[in-house]
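S.K.: predicted model, plus sequence, below.
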Amino acid sequence: MKINKRLKTVGELVDTNSFCLDIGCDHALLDIYLVENKVVKKIVAADIAIGPLNCAKENIKRYHLEDKIETRLGDGLETYTNDIDTIIISGIGGRTIIGMFKYKLSTIKNVKTIIVSPNNYQEDIRRFFNHIGFYIQDEKLVKDGKIIYQAIKFVRGKKRYLKSDYFFGPILRKNKDSLFIEYFKKELASRLILIDILPKNYRLKRYITKKQINMIKKELNI
Ligand SMILES: C[S@@+](CC[C@H](N)C(=O)[O-])C[C@H]1O[C@@H](n2cnc3c(N)ncnc32)[C@H](O)[C@@H]1O
């Protein structure tokens with residue numbers, strides 16, 4: 001089974017032999033890939049909507065993996081059970097992901113690893129998971145088509161970060177490869193447009209955007 005570069009990159013962050021819950025599995029292609037490549041022995045593919053979950057079931061059946069991939073219908077952590085040690089969430093908005101965990105911290109006592117590839121609000125995601133007792137063990141950037149995605153692996157433990165670490169990603173900024181430069185040049189360009197069109201009375205938004213522009217220029221040395 002071949003999966004796209006984005007999902008493959010998320011899969012690379014999964015530890016061998018972990019018991020995973022993939023929240024928002026949709027087609028369950030990542031889960032099939034992880035089992036077929038012997039990264040995980042068993043995995044739960046979960047989704048809030050019946051349509052995607054039925055699609056997941058069909059794919060799992062096609063690959064004869066019903067004994068290795070269990071499907072569950074539910075919202076966020078509703079599908080979590082205590083035997084799961086790793087949670088994967090990709091292709092969902094950052095604030096939706098934070099909302100899933102916010103008042104459910106006692107539920108995930110057995111979780112050692114959380115792997116996320118949010119559509120947006122990556123800075124908020126880093127700050128939130130660090131605040132609830134996870135640090136960033138690994139991070140990756142991947143370009144799939146025209147879009148560059150971030151994938152972040154959190155594990156339990158404490159680490160202090162600078163504001164710029166939350167914004168750029170502590171490991172991404174340390175590596176500072178060509179994808180990093182391309183990604184943040186685009187972020188800079190969109191903010192320069194935004195600052196031009198934002199009404200003068202949007203003071204807070206203008207202030208934050210200007211700070212981010214300066215931060216990116218400093219980081220990229222431009
Ligand atoms: C864009 S798809 C991403 C699919 C796959 N994870 C990927 O990265 O390609 C988002 C999926 O998340 C599901 N979803 C959205 N909110 C959810 C929630 N609160 N709990 C569980 N699944 C959710 C949607 O139904 C949809 O199938």
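M.R.: Great, that's in hand. Numbering: from 1, shown residues only.
S.K.: what does this protein put close to the ligand?
M.R.: With C-beta under 6 Å from any ligand atom as the criterion, the chain comes near the ligand at residues 7, 23-26, 47-49, 52, 75-76, 90-92, 96, 100. To be clear about C-beta, it is placed using only N, CA and C from the backbone, and glycine gets the same treatment.
S.K.: recalculate using a threshold of 8 Å.
M.R.: Contact residues (C-beta under 8 Å from any ligand atom) of the chain with the ligand: 4, 6-7, 10, 22-27, 29-30, 46-49, 51-52, 74-76, 78-79, 88-92, 96, 99-100, 117, 119.
S.K.: domains in this protein, by residue range?
M.R.: The record's domain parsing of the chain by automatic domain parsing lists 5-164, 180-220.
S.K.: return the most buried member of those.
M.R.: With neighbours defined as mean count of other C-beta atoms under 10 Å, these peak in mean count at domain 5-164, which reaches a mean of 18.
S.K.: next, the distance between the ends of that one.
M.R.: Domain 5-164 stretches 27 Å from its first residue to its last (C-alpha to C-alpha, to the nearest Å).
S.K.: how about stretch 87-107?
M.R.: Stretch 87-107 has an end-to-end distance of 12 Å (criterion: C-alpha to C-alpha).
S.K.: can you give me the strands in the chain?
M.R.: Using DSSP state E, the strands of the chain run over 20-23, 43-47, 69-73, 86-90, 113-117, 134-144, 147-156.
S.K.: can you check which helix is longest in the protein?
M.R.: Criterion DSSP state H: the longest helix present in the chain is helix 178-197.
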